[in-house]
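> Whatever this is, show me its structure:
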Amino acid sequence: MPSQDTASGRTCRFRRLVDSIYNSQRPTASGPIQRSREEAMNTKKCLKCGHAASYETEPPQACPSCGAIYTKVEAAQALSASGPTSKIQDTASGYFASQRNSKPRRSSAEIEVHSFAERMREQTLYPAWRKVVGFFAILGYIVAAVLAVSVFFSANGSTWVLLVGWGIAALVALVAKVGKELSLMLADLSDAAVHLAAGRDPGQ
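Just a heads-up that it's a prediction; the model follows:
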């Protein structure tokens, strides 16, 4: 009997030894598996509070500690790091953009009126009259130029002669310009009256 107890005791001790060796070699929760998971984790540091948030696949959009949005904080940091030069450039670009936008633009009504007048003059009922008016306007400009040149060569250094002669030449050019505008205005009014009457014709 004592020999059997001794053999059974040795067997139990041997089993406990094998189990202890086996358990020591098994990976535990704090062993290699946990370390591999920790190595696979990434971190995102908040530039506002300095908290480092851990993630596996997709990075978080906001800091879990202070709630700051990462993209906004990074943009603000980049803007402050760029210095006053970028602020001056932004101010200058904004000023020139406002100047471009403040330039007066022709309204659609003005463009429509001008395009209508051009179409009416192209389809005028008095083309001969318009050509005659243009011819006399060009003739008036030529007379004014010839008068100014002749006064320049015949003044003999007299300032009063130059002033009077050039004044008369300028007056001739102005009369030619105003006469052309008045004559074309009369032709435009006649064309417009005819078009208006044609639009109200009950026979159409």
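
> Can you spell out which helices and strands pack onto the helix or strand hosting Ala198?
Assigned by DSSP states H and E, Ala198 falls within helix 159-199. On a contact count with 3 or more CB pairs under 8 Å, 6 or more residues apart in numbering; DSSP states H and E, helix 159-199 meets helix 108-122, helix 127-154. For glycine as for every other residue, the C-beta is placed from the backbone atoms N, C-alpha and C.

> looking at the ones you listed, which is buried most?
Mean neighbours per residue, mean count of other CB atoms under 10 Å, is largest over the helices and strands packed on helix 159-199 for helix 127-154, with a mean of 14.

> quick revisit: which of the helices and strands packed on helix 159-199 sits closest to Asp188?
For those, proximity to Asp188 was assessed by CB to CB; helix 108-122 is nearest, at 6.8 Å.

> Just the angle for the helix holding Ala198 relative to helix 108-122, thanks.
Computed by axes from the mean of the first three to the mean of the last three CA atoms, to 10 degrees, the angle separating helix 159-199 from helix 108-122 equals 90 degrees.

> now Pro59, what's its secondary structure?
Counting by DSSP: H, G, I helix; E, B strand; the rest coil, the backbone at Pro59 sits in coil.

> got a list of what it touches?
Residues in contact with Pro59 (CB atoms under 8 Å, 6 or more residues apart in numbering) are 42, 44, 70.

> Now the phi/psi pair for it, please.
phi -70, psi 150 (degrees, to the nearest 10).

> Just after the least confident helix or strand in the chain by mean pLDDT, pick out the following helix or strand.
Within the chain, no helix or strand scores below helix 32-40, which has a mean of 53 by mean pLDDT, DSSP states H and E. The first helix or strand that comes after helix 32-40 along the chain, using DSSP H and E, is strand 42-45.
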